[in-house]
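# For reference, the sequence and a predicted model appear below.
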Amino acid sequence: MRVGIVCPYTWNVPGGVQQHIRDLAEALTGHGHHVSVITPADDDAELPDYVVSAGRAVPVPYNGSVARLAFGFLSAGRVRRWINDGGFDVLHVHEPAAPSLGLLACWAADGPIVGTFHASYTKSRVVSVTAPILQSALEKITGRIAVSEAARKTLVEHLGGDAVLIPNGVATERYAMADPLPGWPGRDATGAPRAGAA
């Protein structure tokens, strides 16, 4: 199977979404599938051979963090060309509602699209204002995945529709013997220790 995976955030800046995509791409490749990932990346970034750069990203304050996103005519052209040249059987778009490559890919693609939603927030003025525009892309998604119950709730409440809950964790053996960070898992909002906390 030919699988195209769309990463919304700069590949060479560490993050959970990028890690999830890398693990998934390597697992699929290990099972004999052809995988190509498109992502924002700096011109001098060293990328694995299965990763294609869509060009530089712009840092944007987003969801309490700074996301490095790519959007605009140049990015849209590169995404469209990657999809056309890829001949993908399925396109897997991460964070399709973020103003980055995933949204562009949904608009450009025909055929099966899987969308994975990672973000969790209680309110977003940007999403509220852009929701009608996002719907034209999101309605093309064939299957939806949320990586957490919080991400699923965000999708349901802010964008409509629902998703299957499939947590991150493709390469779990990498972390099986890891020691938790000091103080983890910490305390909940009431100040009580979380389950497993010392």
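Structure's in. What do you need? Residues are numbered from 1 along each chain as shown.
# Go through the helices and strands of the protein and name the one with the lowest mean pLDDT.
helix 125-138 (a mean of 74; mean pLDDT, DSSP states H and E).
# can you pull the buried residues of whatever helix or strand comes next after that helix?
As assigned by DSSP states H and E, the chain's next helix or strand after helix 125-138 is strand 143-146. Judged by neighbour count (16 or more other CB atoms under 10 Å), strand 143-146 contains these buried residues: 144-146. All C-beta atoms are positioned from the backbone trio N, CA, C, and that covers glycine.
# Export the residues you listed as a markdown table, with columns for pLDDT.
As requested, those are exported to a markdown table (pLDDT from 0 to 100):
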| residue | pLDDT |
| --- | --- |
| 144 | 95 |
| 145 | 95 |
| 146 | 94 |
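# Strands along this structure, start to end?
Counting by DSSP state E, the chain has strands at residues 2-6, 34-39, 51-53, 58-62, 65-69, 90-94, 113-117, 143-146, 164-165.
# Show me what the fifth one is packed up against.
Right, strand 65-69. strand 58-62 (3 or more CB pairs under 8 Å, 6 or more residues apart in numbering; DSSP states H and E).
# got the angle between the strand it packs on and strand 65-69?
Strand 58-62 and strand 65-69 are oriented at 140 degrees to each other (axes from the mean of the first three to the mean of the last three CA atoms, to 10 degrees).
# What strands line up against strand 58-62, and which way round?
Using DSSP bridges, strand 58-62 pairs in its sheet with strand 65-69 (antiparallel).
# Figure out how far the strand it pairs with is from the centre of its chain.
The chain centroid and the centroid of strand 65-69 are separated by 12 Å under CA atoms, centre = their mean, to the nearest Å.
# How about stretch 38-53?
The answer for stretch 38-53 is 16 Å, by CA atoms, centre = their mean.
# for stretch 96-116, same thing?
10 Å.
# Report the buried residues of that stretch.
So for stretch 96-116, counting by 16+ other CB under 10 Å, buried means 96-106, 108-109, 113-116.
# same deal with stretch 163-172?
For stretch 163-172, by 16+ other CB under 10 Å, it's 163, 168.
# And it, end to end?
Chord length of stretch 163-172, first to last residue, is 22 Å (CA to CA, to the nearest Å).
# Name the surrounding residues that touch it.
Here stretch 163-172 makes contact (CB atoms under 8 Å, 6 or more residues apart in numbering) with 16, 19-20, 23-24, 26-27, 115, 117, 143-149, 151-152, 155-156.
# Please produce a PyMOL select command covering the buried subset of those.
Remark: buried members of the contacts of stretch 163-172, expressed as a PyMOL selection using 16+ other CB under 10 Å:
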select buried, resi 20+23+24+115+117+144+145+146+147+148+151+152+155
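# Against residue 179, how distant is the residue nearest the centre of the chain?
Geometric centre of the chain, nearest residue: residue 94, 2.7 Å, by CA atoms, centre = their mean. For residue 94, the distance to residue 179 equals 29 Å [CB to CB, to the nearest Å].
# before we move on, what about residue 117?
30 Å.
# do the same with residue 17
Counting by CB to CB - residue 17 and residue 179 are separated by 24 Å.
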